[in-house]
Structures are given as C-alpha cells and as structure tokens.
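A.B. asks: predicted model, plus sequence, below.
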Amino acid sequence: MTADVLDKPGALDVHDVDGDPSGEPAEEVPPATTVEEAGDGTADPAVVEREHRLNRLRTYSELLQVAGRTTDRDSLARAADLAALYEDTAWVLDLATPKRTSVRGRPVDPKSRSRFATWARERTGLAPSTIHQLLRAHDIVSNCLRGAGTMATGEWALRPLTRLLKEHPDAIEPVWNDAVAEAGGAVPDAGHVKSAIRRWRVENGSGGAETGLLWDTGAGTSRADHRGGEIPPRDRTCGRAPRRVGESPRARSGRGEAVMTVHSELWILVDAAGGTRS
C-alpha cells in the first residue's frame, strides 16, 4: 500500500482485513520487483514504467479486497432491511400500474421482486442484481438454515447456495453443515460451500448429466445416454442446449450450463473409445 493512500483520513489498512468478500484467504500479493539496470548502469525507462504500473495494480487489488470484505460484513443485516421493505408492500403504491397485464403469456405481478428492485434502486442506488442477491440470501437464512448451528456472517458465502434454492431447498442445510465441517466448525467461506455443493451433487447424482432423453437435432430425434449407447451430434453453437422434443425455448435456455457439462463428458468418452469428432 502506498504511503499517500494510507495517509489519507479514513483510509483503510489492508493489513487489518484478510481475504476477499467470500472469506477465503487473500492471495499473497507479489512483492514489488527490483528494476533491472541496463548495461551502462542506468535503469531501462520501459522496465521502470512497467514496474510502476504493476505496483499500482497491486495496490488497487489490495483496495478491492478490503472494499469487498467491508461491504460483506453487514450484508445480511441489509438483506433483512430489504426483505422488510419488500414484505411491507407499501412500495407498490409508489410505482405506476404496469402498462401490460402479461408478458409472453404470463401475467405481470405488480408485487414482483423485479418491480421492487426498480423501486429500491431509485431510492437507494443499489443495483437490481445486488438487491436480488441480498433477497435470496435472506430467503436462505430465514427459510433453509433455521436449524444450522453455525450461521453465515455475510451474503457472499451464501451465494453458491442459491443454485439449490429453487429445485433443492431441502439440501441447503445439509450442504451448509458439510461446509461448516470442512471449515473445522468455523463459519465457512464461499470456497467451502462450493466444495460441499460438488460433493452433494456427486452423492445424489445431480451433476447436471441428462440421460435417456430425446433430442431434436434438426434432422430427426435420437436417444442418448452418457453411460453408453448412441451419442447425439455435437452442438456447434457452444453452450446452446439442443432442444428436447416439445420443449419451449425458455426451458431450453435454462439447461445451457448443464448441457455443456454433458457435452464434455460425452466427448471424453468418444476420445477414450478412439472415436473421431465430426
């Protein structure tokens, strides 16, 4: 940290805070390197400027770590504030009535979280993405971790659990307890939680692999099973999920990440069998 930054009133000392917002230990910042001298004993100006840029970036990296940890300290308290405002529903009267009653065939909810995020952004300056993250964290703490012995201290550590919130809410507490055990009984960080989620998916067969499904390849349908059998043609759109027969585009888009995982597994099997990629 440069002296001019530390001497400013109210400046944060990066050595008072360890780790990033996830609670994971901060990566050790490489020390400033020594500027090599040219053959005549003078420093190369280009090398000097490069090292100055690197040192400024190291200082900026430290400031980001401090800022992230500082904002995460009270994040769950602020999440509770947002949830109380949302549940009060008085904010609905401050917004104009939706012009459309439906979007893509679905009715517009005047009390939706999206509309609340718009209202809160105008009055707090918080980005809608941050508002949704905080509300989801409050949902996890209030509804899924009531029996947990060790509670989270910030939203960041809970963020990986939002992947389970919609389809596997009952798995959140066991996964969290597993992360606590991995952390030695202390409050886990996001890295511990991600590891616990991966273990849970392996143990419960929820790794995203889809088997025995009908795929619409554009030239008829084929049945594929990642454990063997016919392998569907490779999707050359990279991340775009092949459409299941009778599946809507909206449902298809939600499976993109899972399909990428399946494709990787399928091509590993092809390579292992000595096949060729078309």
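C.D. replies: Happy to help now that I have it. Being a predicted model, the structure only gives us computed values, none of them experimental.
A.B. asks: which parts of the longest helix along the chain are buried?
C.D. replies: Ordering each helix of the chain by length in residues (DSSP state H) puts helix 45-73 first. Across helix 45-73, burial judged by 16 or more other CB atoms under 10 Å covers E51, R58, T59, E62, Q65, V66, G68, R69, D72. For every residue, glycine as well, the C-beta is placed using N, CA and C.
A.B. asks: got the buried residues for the following helix or strand past that helix?
C.D. replies: On the C-terminal side of helix 45-73, the closest following helix or strand by DSSP states H and E is helix 75-88. Buried residues in helix 75-88, counted by 16+ other CB under 10 Å: S75, L76, R78, A79, L82, A83, L85, Y86.
A.B. asks: and L135, how many neighbours?
C.D. replies: Using other CB atoms under 10 Å, L135 is surrounded by 19 other residues.
A.B. asks: swap in V187?
C.D. replies: Neighbour count of V187, defined by other CB under 10 Å: 15.
A.B. asks: tell me if I'm right that it and W156 touch.
C.D. replies: No - using CB atoms under 8 Å, V187 is not in contact with W156, being 11.2 Å away.
A.B. asks: okay, the buried residues of helix 45-73 in TSV with distance to D94 and pLDDT next?
C.D. replies: Converted to TSV, the buried residues of helix 45-73 look like this (distance: CB to CB, whole Å; pLDDT from 0 to 100):
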residue	distance to D94	pLDDT
E51	53	93
R58	45	94
T59	42	94
E62	41	93
Q65	37	87
V66	36	90
G68	32	87
R69	34	86
D72	29	91
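A.B. asks: which among those residues gets closest to H168?
C.D. replies: Distance to H168 across the buried residues of helix 45-73 (CB to CB) is lowest for D72, with 24.9 Å.
A.B. asks: how is the protein divided into domains?
C.D. replies: Here the domain assignment for the chain is 3-73, 75-98+106-204, 213-272, based on automatic domain parsing.
A.B. asks: list the contacts for L161?
C.D. replies: Applying CB atoms under 8 Å, 6 or more residues apart in numbering to L161 gives the contacts I140, C144, I172, V175, W176, V193, I197.
A.B. asks: and the second one, how far is that from L161?
C.D. replies: To tie it back to what came earlier, the one meant is C144. Relative to L161, C144 is positioned 8 Å away (CB to CB, to the nearest Å).
A.B. asks: overlap of the contact sets of those two?
C.D. replies: I172, W176.
A.B. asks: what does D74 show for phi and psi?
C.D. replies: Dihedral angles of D74 (phi, psi; degrees, to the nearest 10) stand at phi -110, psi 20.
A.B. asks: quickly find the element holding W200.
C.D. replies: Per DSSP H and E, W200 falls inside helix 190-204.
A.B. asks: what is that helix packed up against?
C.D. replies: On a contact count with 3 or more CB pairs under 8 Å, 6 or more residues apart in numbering; DSSP states H and E, helix 190-204 meets helix 155-158, helix 172-182.
A.B. asks: okay, buried residues for the longest one please.
C.D. replies: The one in question is helix 172-182. Neighbour-count burial for helix 172-182, with 16+ other CB under 10 Å as criterion, is recorded at I172, E173, V175, W176, N177, D178, A179, V180, E182.
A.B. asks: now stretch 190-200
C.D. replies: Buried residues in stretch 190-200, counted by 16+ other CB under 10 Å: A190, G191, H192, V193, K194, S195, A196, I197, W200.
A.B. asks: now P107: phi and psi?
C.D. replies: According to degrees, to the nearest 10, P107 has phi -70, psi 150.
A.B. asks: what residues are bridge-paired with it?
C.D. replies: Assessed by DSSP bridges, P107 has beta-bridge partners S102.
A.B. asks: my guess is it meets P98, correct?
C.D. replies: No - contact criterion CB under 8 Å: P107 and P98 do not qualify, at 9.6 Å.
A.B. asks: of the two, give the one with the bigger neighbour count.
C.D. replies: Neighbours were counted for P107 and for P98 using other CB under 10 Å; P98 has more, 14 against 10.
A.B. asks: which SS class is that one?
C.D. replies: Following DSSP: H, G, I helix; E, B strand; the rest coil, we place P98 in the coil state.
A.B. asks: for it, which residues are in contact?
C.D. replies: By CB under 8 Å, 6+ apart, the contact set of P98 is V108, P110, R115.
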